[in-house]
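Engineer: one predicted model, sequence on top.
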Amino acid sequence: MKRFLFNLKTITATVHSSFNNNNNRLLFSINKYCNNNNSILYSNKNNICINFNKNNNNLNKRYYSNKMNLSEDEWRVKLSPAQFKVLREKGTERPDSGEYNKHYEKGVYNCAACDAPLFKSDHKFSSGCGWPSFYDSIPGALTLHEDPSLPGRPRTEICCSKCGSHMGHVFKGEGFNNPIDQRHCVNSISLKFHPEK
């Protein structure tokens, strides 16, 4: 076990670490946070990933907490083949085939891979596109990436911020009658619904 003192916003963390040479990432599993008086502020096994620049190994200042760092082989065991195809390989389910396309029960839609809350039912609307549509998401729940996979038609991919799994894409300015004229087009298989209690 290697032990480090790592400063993160003036908080010191005692961590285990491993270096992944394949993608130049240093992974930390945090046992506890301490303040300057060495009193424990938080105790849990969370993860921080620090990306290194391939050329000079300078730290890229992006820190990720509460992440799931499963290998793709581990995801294959955890998910069904259909879920893996969409969530991890960025596939798309057939339109009008998903469980939640015309589902309007009150509750929260979580990530099917890691169960992180992503969308509230109040955000859902009928777009007629064939996939569940949400005009907004829970703050911080999604990470956005430019998707150039369709030549001449740039899109913005949306992924779960906790586990990085593919949800779908977000589109703006389509003229839908919702508060911010935005449509998160999401695969039903990427979601897990929790009804309101």
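Structural biologist: Sure thing, it's come through.
Engineer: going by C-alpha atoms from here, please, whenever you check contacts or count neighbours.
Structural biologist: OK.
Engineer: wait, is Val86 part of a helix?
Structural biologist: Yes - remark: Val86 belongs to a helix, assigned using DSSP: H, G, I helix; E, B strand; the rest coil.
Engineer: go ahead and confirm it touches Ile189.
Structural biologist: Yes - with contacts counted by Cα atoms under 8 Å, Val86 reaches Ile189, the gap being 7.5 Å.
Engineer: overlap in contacts of those two?
Structural biologist: Glu93 (Cα atoms under 8 Å, 6 or more residues apart in numbering).
Engineer: quick check: mean pLDDT across stretch 109-129?
Structural biologist: The pLDDT scores in stretch 109-129 average 97.
Engineer: can you list the residues that contact that stretch?
Structural biologist: 68, 78-79, 87, 95, 102, 104-108, 132-138, 141-142, 160, 162-163, 165, 176, 178, 189-194.
Engineer: now, of those residues, which are buried?
Structural biologist: Buried members of the contacts of stretch 109-129, counted by 16 or more other Cα atoms under 10 Å: 68, 87, 102, 108, 132-137, 141-142, 160, 162-163, 165, 189-194.
Engineer: can you list the weak-confidence ranges in this structure?
Structural biologist: Regions of the chain meeting the criterion pLDDT under 70 cover residues 1-66.
Engineer: which residues are in contact with stretch 179-191?
Structural biologist: Contact with stretch 179-191 is made by 82-83, 86-87, 92-93, 98-101, 109-113, 131-136, 158, 166-176, as judged by Cα under 8 Å, 6+ apart.
Engineer: in helices, which of these fall?
Structural biologist: In this view, the contacts of stretch 179-191 that belong to helices under DSSP state H are Ala82, Gln83, Val86, Leu87.
Engineer: separation between Gly152 and Pro132?
Structural biologist: Separation of Gly152 from Pro132 (Cα to Cα, to the nearest Å): 25 Å.
Engineer: likewise His184?
Structural biologist: Distance of His184 to Pro132, computed by Cα to Cα: 8 Å.
Engineer: then Glu157?
Structural biologist: For Glu157, the distance to Pro132 equals 15 Å [Cα to Cα].
Engineer: swap in Glu72?
Structural biologist: Note on Glu72: its distance to Pro132, by Cα to Cα, is 26 Å.
Engineer: ok, of the contacts of stretch 179-191, which come out buried?
Structural biologist: Those of the contacts of stretch 179-191 that meet the buried threshold are 83, 86-87, 92-93, 98, 100-101, 109-113, 131-136, 158, 166-170, by 16+ other Cα under 10 Å.
Engineer: give the contact list for Asn178.
Structural biologist: Phe125, Tyr135.
Engineer: the same query, at a cut-off of 10 Å, please.
Structural biologist: Contact analysis of Asn178 by Cα atoms under 10 Å, 6 or more residues apart in numbering lists His123, Lys124, Phe125, Phe134, Tyr135, Asp136.
Engineer: need those residues in TSV (columns: distance to Pro148).
Structural biologist: Below are these laid out as TSV (distance: Cα to Cα, whole Å):
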residue	distance to Pro148
His123	27
Lys124	26
Phe125	27
Phe134	22
Tyr135	22
Asp136	23
